[in-house]
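**Student:** Quick one, structure for this:
(3 chains)
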Amino acid sequence: MPELPEVEVTRRGLLQDLPGCLVKKITWSNKSLREPIPRKLLVRYIEGNRIKTIDRRAKFLLFRMVNNSTMVIHLGMTGKISLLSVGEPRARHDHLRLFLDKEKELRLNDSRRFGSIAVWPPAESIQLEKNFSRNIGVEPLSNDFHPDNLMAQVRRRTQPVKTFLMDSRRVAGIGNIYANEILFDAMIHPLTPVNRIPRQAWEKIILSAKKILQEAINSGGSTISDFLGTSGNPGYFQVKFKVYGQGGEKCRKCSKNIYKTVIGGRSTFFCSHCQTMK
DNA sequence: CGGCGCACCTGAGTGC
DNA sequence: TGCACTCAGGTGCGCC
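**Tutor:** Just a heads-up that it's a prediction; the model follows:
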């Protein structure tokens, strides 16, 4: 399910109930996700402790514990976190179950197992987070997402702007769907080399990104009440995308054809009439 | 160093 | 109904 908006909506949903909860017991599947599940660290630092709050960095959820440890979860392509009432039967592809007080269970289900779970022990948490964050680009909803910042990074680069927006070391949290949608909104051709984008166009990309991501978060916000219960995940919010998945359809702005191609190995949708190289 | 292709894994959909 | 094949929202490695 997850790009930045979906992860953020998940975070906000969990924030309604999780802070203060005690993690009484943790169980896991016998399969690895992207990396092996850190069982020993989960038992040592998360089990028996209380959740303080939940933060987000890029598409990672950071569960801050009262003992200053942190559980870091990435949802990959198919990861879903649900907050369930105790007694929900286990399901195929459940990989992590946190049994909480207040008759609740936090569960991670991930069929493709591209997700990940890490634990930062209290003593190393600050340093580990520093290293972690250093390898991740600017948060697009922050004030640091600014033409100065981006243009300084792209002087020598020729990669397509779509690839740049999706590169987590440059910009955090933008995946294939929203990269397509943002560039349509900004009227920029996805193949435009980043070193040939003028400041004005960067300003537009930034505004479009903030707008598109914020709209997605807002529309997901209305589904937060679905968190309790098995069907509880917001997914892509039934948002009607303007270009993603619309190959062969008519452009909403100019009625010309929307093309589908592949950039950086990912499906790319755009209107060659509305979206130009500046 | 920058940029690209590919692997990782399962499930859904399509066409024969 | 079954089989073979394609594609999918993410990330990081290795290769040129």
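**Student:** Please, which helix or strand holds A:T53?
**Tutor:** If you go by DSSP states H and E, A:T53 is part of strand A:51-57.
**Student:** and what of A:G248?
**Tutor:** Applying DSSP H and E, one finds A:G248 in no helix or strand.
**Student:** All the strands of chain A, in order from the start?
**Tutor:** According to DSSP state E, chain A carries its strands in the segments A:23-28, A:51-57, A:60-65, A:70-74, A:79-85, A:94-100, A:104-110, A:116-120, A:258-263, A:266-271.
**Student:** could I get the ones you listed as CSV with distance to A:E203?
**Tutor:** For glycine as for every other residue, the C-beta is placed from the backbone atoms N, C-alpha and C. Converted to CSV, those look like this (distance: least, CB to CB, whole Å):
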stretch, distance to A:E203
strand A:23-28, 45
strand A:51-57, 25
strand A:60-65, 28
strand A:70-74, 31
strand A:79-85, 34
strand A:94-100, 42
strand A:104-110, 38
strand A:116-120, 35
strand A:258-263, 23
strand A:266-271, 20
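**Student:** Serialize these to JSON lines and add fields for mean pLDDT, mean neighbour count and distance to DNA strand C.
**Tutor:** What follows is the strands of chain A, written out as JSON lines (pLDDT from 0 to 100; neighbours: other CB atoms under 10 Å; distance: least, CB to the nearest atom of the strand, whole Å):
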{"stretch": "strand A:23-28", "mean pLDDT": "98", "mean neighbour count": "16", "distance to DNA strand C": "20"}
{"stretch": "strand A:51-57", "mean pLDDT": "97", "mean neighbour count": "18", "distance to DNA strand C": "10"}
{"stretch": "strand A:60-65", "mean pLDDT": "98", "mean neighbour count": "20", "distance to DNA strand C": "7"}
{"stretch": "strand A:70-74", "mean pLDDT": "97", "mean neighbour count": "23", "distance to DNA strand C": "6"}
{"stretch": "strand A:79-85", "mean pLDDT": "92", "mean neighbour count": "21", "distance to DNA strand C": "9"}
{"stretch": "strand A:94-100", "mean pLDDT": "97", "mean neighbour count": "21", "distance to DNA strand C": "15"}
{"stretch": "strand A:104-110", "mean pLDDT": "95", "mean neighbour count": "22", "distance to DNA strand C": "11"}
{"stretch": "strand A:116-120", "mean pLDDT": "97", "mean neighbour count": "21", "distance to DNA strand C": "8"}
{"stretch": "strand A:258-263", "mean pLDDT": "94", "mean neighbour count": "16", "distance to DNA strand C": "8"}
{"stretch": "strand A:266-271", "mean pLDDT": "96", "mean neighbour count": "21", "distance to DNA strand C": "3"}
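**Student:** if we can go back for a sec, give me the contacts around the strand holding A:T53.
**Tutor:** Outside strand A:51-57, the residues that touch it by CB atoms under 8 Å, 6 or more residues apart in numbering are A:7-8, A:11, A:14-15, A:18-21, A:23, A:61-66, A:132-133, A:136, A:139, A:172.
**Student:** Can you tell me who the closest residue to A:I37 other than its chain neighbours pairs with across the strands?
**Tutor:** In space, and not counting its chain neighbours, A:I37 is closest to A:W28: 4.9 Å by CB to CB, 6 or more residues apart in numbering. Note on A:W28: beta-bridge partners A:L96, judged by DSSP bridges.
**Student:** got the residues of the stretch 101-250 of chain A near DNA strand C?
**Tutor:** Contacts of the stretch 101-250 of chain A with DNA strand C, taken as CB under 7 Å from any atom of the strand, map to A:112, A:114, A:135, A:166, A:168, A:175-177, A:235-236.
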